[in-house]
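Enquirer: below is the sequence, then the predicted model.
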Amino acid sequence: MADKDLNALLLHTMKDVYFAENAILKALPKMSKAAKSKELKAAFDKHLKQTEGHVARLDQAFKSIGVKAEGVPCEAIKGILKEGDEVAEDFAGGIALDAGLIAAAQAVEHYEISRYGALQAWAKQLGLKEPARLFGETLDEEEKTDQGLTDLANSKANIAAAAA
Ligand code: FE
Ligand code: FE
């Protein structure tokens, strides 16, 4: 794995996503606490449970390739989560809070979708069947979460945010 090949890229990205998922695990309870509507709180709480599963799948994927599970600092997720904190702070108590929190959460989901999409494709290319399956399962949950957030925004949060 010393060469800068696809194996090295896969491993680096797994560590990057491992860091990101653990950061998201810490952020979701705060986002749930900040959310105003019970539906949005429930969506964040549900995704917290799923995120625990994402970390577990990554643990399994590391095990499958015989590498110790560990993270490397991911500046992208740190920045995305920081923006979410800023929205929560700036719009606290306001009618647009949930719309802002949803958009912030979707930035996290889109980041994850891009990463798991790459991980799945690379694992397939390398013939790593179990990791490819695990990445695909998580990718599916991230995409469903993203869609659920879009539905919540369109059906409620965006409307409430505009109704001054
Ligand atoms: Fe995740
Ligand atoms: Fe997610």
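Expert: Structure received. Numbering: from 1, shown residues only. Ligands and ions are numbered 1, 2, ... in the order given.
Enquirer: for this structure, what lies in contact range of ligand 2?
Expert: Neighbours of ligand 2 within the chain, by C-beta under 5 Å from the ion: Glu112, Glu142. Every residue, glycine included, has its C-beta placed from N, CA and C.
Enquirer: what separation do you get for the closest residue to ligand 1 within the chain and Val67?
Expert: The nearest approach of the chain to ligand 1 comes at His54, 3.8 Å away (C-beta to the ion). Counting by C-beta to C-beta, to the nearest Å, the separation of His54 from Val67 is 18 Å.
Enquirer: of these two, who's got more company?
Expert: The residue with more neighbours, out of His54 and Val67, is His54; 26 against 13, by other C-beta atoms under 10 Å.
Enquirer: and the host helix or strand of that one, what's buried?
Expert: In the assignment (DSSP states H and E), His54 maps to helix 38-65. Within helix 38-65, the residues scored as buried using 16 or more other C-beta atoms under 10 Å are 39-41, 43-44, 47-48, 51, 54-55, 57-58, 61-62, 64-65.
Enquirer: please apply the same query to stretch 83-98.
Expert: By 16+ other C-beta under 10 Å, the buried positions in stretch 83-98 come out as Gly84, Val87, Ala88, Phe91, Ala96, Leu97, Asp98.
Enquirer: ok, of those, which one's closest to Ala161?
Expert: The closest of the buried residues of stretch 83-98 to Ala161 turns out to be Ala96 (C-beta to C-beta; 3.8 Å).
Enquirer: report the contact partners of the residue lying closest to that closest one once chain neighbours are set aside.
Expert: Spatially, and ignoring its direct neighbours in sequence, Ala96 is nearest to Ala161 (3.8 Å; C-beta to C-beta, 6 or more residues apart in numbering). Ala161 makes contact with Ile95, Ala96, Asp98, Ala99, Gly100 under the criterion C-beta atoms under 8 Å, 6 or more residues apart in numbering.
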